[in-house]
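J.: Predicted model follows, preceded by the sequence.
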Amino acid sequence: MKNHQIFKDRRKRFLLELNGSAAIIPGASLVTHHSDCEYPFRQNSDFWYLTGFDEPDAVALFLPYRPEGEQYILFVMPKESSEEVWHGFRWGIKGVVENFDVDIAHSLDQLSEKLSGYLYGSEHIFFRIGKHPKVEPLVLKFLSEALDRYSRSGALPMGLHSPCSILHKLRLKKDPWEISRMREAACISSKAHELARQVTRPGMNEREIQAIIEKSFLDQGARGPAYSSIVAGGENACILHYTSNQSLLKNGELLLIDAGCSLDDYYNADITRTFPINGKFTPEQKALYEIVLAAQNAAINCVLPGENTEKVHFRAVKILVEGLIDIGLLKGEADSIIEQGLYHHIYMHRTGHWLGLDVHDVGAYRLGEYPIPLEEGMLLTVEPGIYISDLMPVPEGQPKIEEHWKGIGIRIEDDVLVTKDVPEILSSDAFKSINEMER
Ligand code: GLY
Ligand code: MN
Ligand code: MN
């Protein structure tokens, strides 16, 4: 396994935070696609963050109250050549001990027998309920038995808590190694976007461009797409989660591509570019593109320590709304339009999200009433857009949209790192100025 020390350091921090409590962190299981065919395996990000172990169904225990050498336990599938001949290599128990710095490894089929012994002596249990149907009954059984023992033991019954509060705070701030992986994912993805833009011509199909961009991810050594690539020509771009990617690319329309790769170690990019299919913007397309780009630049300039994602969002909204008023697609005073949400028929999503091992990465955006302040090492997308279609009704009092604006969907999305001063745009290898988007 690569980068042992990274995972070791994370476990050390996690064990410290757990104090006298146990954590049970299950990995992901294979998911059925249909019949007996499965989707490619995707490890659970919390489990990966702590273990770097990429097999299905494993379960990790973190037991800081146990002596050194018994604090990190992994239950894994045992080696079995009759299984490996179908499904591929397994590390097995010995392999895990020798290669993954675990204190003790067991076969998965011993979990139910051994779990209560390991959890005994824990102050609380950290386990995410509702997500791990194979492991949850074992945890609940243990807690129920602890309650049964209460009258005899006199020990206070344990509490069951989610590990998210600890783990997701750790995952929110990226360390230098994680940042270098995110740079790599963004760099590969930016190059794939550029390639796709250069080869796009009227008459091609959306799926051809999808193939080109995803081949480029693989050619450059990525695991594959981080999420279903959106390759949306013309008015398809107004469907935010459009993934059917089956339409012809028409002369005079725009193409919106929202695609990013995932690396072997699951670090992701999430990038959107929109450009004219024939290489030249129409006046309407150019006017709207300029507004989105200005909104994005202004929002990126807010990605600074001490600011927050609300500020980033509303900076983008302000520029979008002012631009839309200037060209007559909104009417009234910008602040009042924003306050009443009278722009939601044109811009209906947030301007970004945390990015990391998950594309919509973990970590709180608010603490009650208060937005979480940005800190060096946090990483987010900045992705304003304008979508003009008949899908959303025009609010009362706002101008009816003339036909020549309709069917235009534009989003520009970059991956942005909070540094101590100017924000670093990890996806800057994908061009986005008006001049660069034209041929
Ligand atoms: N690609 C999903 C998103 O932009 O959030
Ligand atoms: Mn995004
Ligand atoms: Mn995206």
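T.: Received it, and whenever you're ready, just let me know what you need. Ligands and ions are numbered 1, 2, ... in the order given.

J.: Every contact and neighbour count from this point should use C-alpha atoms.
T.: Noted.

J.: got the buried residues for the lowest-mean-pLDDT helix or strand in the chain?
T.: Sorted by mean pLDDT, DSSP states H and E, the helices and strands of the chain end with helix 136-153, the least confident at a mean of 89. For helix 136-153, a neighbour-count test (16 or more other CA atoms under 10 Å) marks 136, 138-139, 142-143, 146-147 as buried.

J.: Same check on stretch 65-81?
T.: 65-66, 70-79.

J.: if we can go back for a sec, render the CA-only coordinates of the least confident helix or strand of the chain in PDB, please.
T.: What follows is helix 136-153, C-alpha atoms only, in PDB (Å, rounded to 0.1, in the frame of the first residue of the first chain):
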ATOM      1  CA  GLU A 136     -25.900  -2.400  12.400                       C
ATOM      2  CA  PRO A 137     -27.800  -5.400  14.000                       C
ATOM      3  CA  LEU A 138     -24.500  -6.600  15.600                       C
ATOM      4  CA  VAL A 139     -24.000  -3.100  17.100                       C
ATOM      5  CA  LEU A 140     -27.500  -2.800  18.400                       C
ATOM      6  CA  LYS A 141     -27.400  -6.300  19.900                       C
ATOM      7  CA  PHE A 142     -24.300  -5.400  21.800                       C
ATOM      8  CA  LEU A 143     -25.900  -2.200  23.100                       C
ATOM      9  CA  SER A 144     -29.000  -4.000  24.100                       C
ATOM     10  CA  GLU A 145     -27.000  -6.600  26.000                       C
ATOM     11  CA  ALA A 146     -25.100  -3.800  27.700                       C
ATOM     12  CA  LEU A 147     -28.400  -2.400  28.900                       C
ATOM     13  CA  ASP A 148     -29.500  -5.800  30.100                       C
ATOM     14  CA  ARG A 149     -26.300  -6.000  32.200                       C
ATOM     15  CA  TYR A 150     -26.900  -2.600  33.700                       C
ATOM     16  CA  SER A 151     -28.700  -3.700  36.900                       C
ATOM     17  CA  ARG A 152     -25.800  -6.100  37.700                       C
ATOM     18  CA  SER A 153     -22.800  -4.100  36.400                       C
END
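
J.: For the residue nearest in space to the middle of the chain, which non-adjacent residue is closest in space?
T.: Closest residue to the average C-alpha location of the chain: residue 359 at 1.2 Å, with CA atoms, centre = their mean. Using CA to CA, 6 or more residues apart in numbering and skipping the chain neighbours, the partner closest in space to residue 359 is residue 268 (6.2 Å).

J.: I'd like to know which elements the helix or strand encompassing residue 60 is packed against.
T.: Element membership of residue 60, judged by DSSP states H and E, is strand 59-62. If you count contacts as 3 or more CA pairs under 8 Å, 6 or more residues apart in numbering; DSSP states H and E, strand 59-62 packs onto strand 22-26, strand 72-76.

J.: and the stretch 151-300 of the chain, which residues reach ligand 3?
T.: Proximity of the stretch 151-300 of the chain to ligand 3, by CA under 5 Å from the ion, involves residues 258, 270.

J.: where does the stretch 151-300 of the chain dip in pLDDT?
T.: Applying pLDDT under 70 to the stretch 151-300 of the chain flags residues 156-157.

J.: can you give me the strands in the stretch 1-150 of the chain?
T.: 22-26, 32-34, 37-38, 59-62, 72-76, 104-107, 125-126 (DSSP state E, counting those that start in this stretch).

J.: Please pick out the residue of this protein most distant from its centre.
T.: residue 152 (47.2 Å).

J.: roughly how far apart are that one and ligand 3?
T.: Distance, residue 152 to ligand 3, by CA to the ion, to the nearest Å: 56 Å.

J.: ditto for residue 53
T.: Residue 53 is 27 Å from ligand 3, by CA to the ion.

J.: next one: residue 305
T.: Residue 305 is 23 Å from ligand 3, by CA to the ion.

J.: How about residue 303?
T.: Distance from residue 303 to ligand 3, by CA to the ion: 18 Å.

J.: Name the helix or strand for that residue, please.
T.: Using DSSP H and E, no helix or strand contains residue 303.

J.: That one: what's it in contact with?
T.: 312, 374, 416-418, 422-423 (CA atoms under 8 Å, 6 or more residues apart in numbering).

J.: average pLDDT across stretch 74-81?
T.: For stretch 74-81, mean pLDDT is 98.

J.: Listing request: residues of the stretch 301-439 of the chain with sub-threshold pLDDT.
T.: Checking the stretch 301-439 of the chain against pLDDT under 70 turns up nothing.

J.: what about the helices in it?
T.: 309-326, 334-340, 434-437 (DSSP state H, counting those that start in this stretch).

J.: and among these, the most buried is which?
T.: Most buried of those by mean neighbour count (mean count of other CA atoms under 10 Å) is helix 309-326; its value is a mean of 21.

J.: Could you export the strand holding residue 60 as CSV, CA atoms only?
T.: Output of strand 59-62 as CSV, limited to C-alpha atoms (Å, rounded to 0.1, in the frame of the first residue of the first chain):
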residue,chain,number,x,y,z
VAL,A,59,-15.1,-3.5,9.0
ALA,A,60,-12.6,-1.4,11.0
LEU,A,61,-12.6,-1.0,14.8
PHE,A,62,-10.9,1.8,16.6
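
J.: neighbouring strands for that strand, and are they parallel or not?
T.: Strand pairing for strand 59-62, using DSSP bridges, gives strand 22-26 (antiparallel), strand 72-76 (antiparallel).

J.: Nearest to ligand 3, out of those strands?
T.: strand 22-26 (28.1 Å; CA to the ion).

J.: Quick one: residues in contact with that closest one.
T.: 44, 46-47, 57-65, 119, 122-128, 132, 135, 163.

J.: Show the contacting residues for the residue of the stretch 301-439 of the chain found nearest ligand 3.
T.: In the stretch 301-439 of the chain, no residue comes nearer to ligand 3 than residue 413, which is 6.5 Å away by CA to the ion. Residues near residue 413 by CA under 8 Å, 6+ apart: 258, 270-273, 296, 381-384.

J.: neighbours around the closest residue to it other than its chain neighbours, how many?
T.: The shortest distance from residue 413 to any non-neighbouring residue, by CA to CA, 6+ apart, is to residue 383 (4.0 Å). Using other CA atoms under 10 Å, residue 383 has 28 neighbouring residues.

J.: And residue 86, by the same measure?
T.: 8.

J.: what's the spacing between it and ligand 3?
T.: 35 Å.
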